[in-house]
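Engineer: Would you be able to build a 3D model of this:
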Amino acid sequence: MALIIRIDVDRPYGKHPLPRHILSRLSSDFSFPKIQALGFLEELKRMLQVLNERQARAYVFFRRCTLPQASILKLMDEGKHEAGLHLENSRSFETFLDEKKTLERHLGRPVFSVSKHGSGKAKHGFRHYPPYEPEKYQDWARRAQMKTVFGNLEDPSLEPARVGGLLFFPSAFWLEPYWRDTGRYSEDWLLANAPRRDTVMLVHPENVWESPEITRSFTRLVTELETRMLP
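Structural biologist: Residues are numbered from 1 along each chain as shown. Down below sits the predicted model:
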């Protein structure tokens, strides 16, 4: 039993300062080059470096607009992290498969895990389909011979479910405090519970690195807790 780190890579250029936020929105909606000098996936790079220094492993979920460059893939290979699909256009099984195959072509390897971009409220870009329908993702993942679906509920005490060969985690410990009941689910709660039962911790790189407090929390948790990948 251990901490399972889930990294949702939502923004290719982060959100601060304003020019990087604009670049992220342009990249989400249109074809836009990946420019490292402007900070493409800079926050993810810093996060992977911290994880690698601590020999902590993670699942890293990519959208079309955050498909990683070679330097990110090198860090992921060095840390033995696993890439997954951060599903955006979830209108149908066909759109799901299209996104999965796009990511696999880019990586040159199959992907076995999926998470959903957004939790059913807001529309995040032209391609994004807002409804959150976890039962569909589980069915599609089984049909596509994937292994794990990560859900977006905010109660980290919910137990995972296994249906056939598929493992579904309905919820996560959202590290960013504005998505978490910090009274019930503190960092100390996670430190006490993760060693006893597999617990998913969800992070977004641009949010972790924009706040010194969240940065300290992330560093503390990945240092003090054992992490693992699922079989």
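
Engineer: who's in contact with the nearest residue to Glu43 once chain neighbours are set aside?
Structural biologist: Spatial nearest neighbour of Glu43, excluding adjacent residues (Cβ to Cβ, 6 or more residues apart in numbering): Pro205 at 3.6 Å. For every residue, glycine as well, the C-beta is placed using N, CA and C. Under the criterion of Cβ atoms under 8 Å, 6 or more residues apart in numbering, the contact list for Pro205 reads Ile7, Val9, Gly14, Leu41, Glu43, Leu44, Arg46, Met47.

Engineer: And Phe112, by the same measure?
Structural biologist: Glu82, Gly84, Met146, Lys147, Thr148.

Engineer: so of these, which ones are in helices?
Structural biologist: Assigned to helices by DSSP state H, none of those qualify.

Engineer: any idea of the pLDDT on the nearest residue to Val9 once chain neighbours are set aside?
Structural biologist: Nearest residue to Val9 in three dimensions, chain neighbours excluded: Thr66, at 4.3 Å (Cβ to Cβ, 6+ apart). Note for Thr66: predicted pLDDT of 96.

Engineer: again, but for the one 5 residues further on
Structural biologist: Ser71 carries a pLDDT score of 96 in this model.

Engineer: Would you mind checking the contacts of Pro205 for buried ones?
Structural biologist: Among the contacts of Pro205, those classed as buried by neighbour count (16 or more other Cβ atoms under 10 Å) are Ile7, Val9, Gly14, Leu41, Glu43, Leu44, Met47.

Engineer: from these, which is closest to Lys101?
Structural biologist: Val9 (18.5 Å; Cβ to Cβ).

Engineer: ok, that closest one - contacts?
Structural biologist: Contact partners of Val9, counting by Cβ under 8 Å, 6+ apart, are Leu41, Leu44, Val60, Phe61, Phe62, Arg63, Thr66, Pro68, His86, His204, Pro205.

Engineer: gap between the worst-scoring helix or strand of the chain on mean pLDDT and the chain center?
Structural biologist: Here the helix or strand of the chain ranked lowest by mean pLDDT, DSSP states H and E is helix 18-29, holding a mean of 71. Between the centre of helix 18-29 and the centre of its chain there are 19 Å (Cα atoms, centre = their mean, to the nearest Å).
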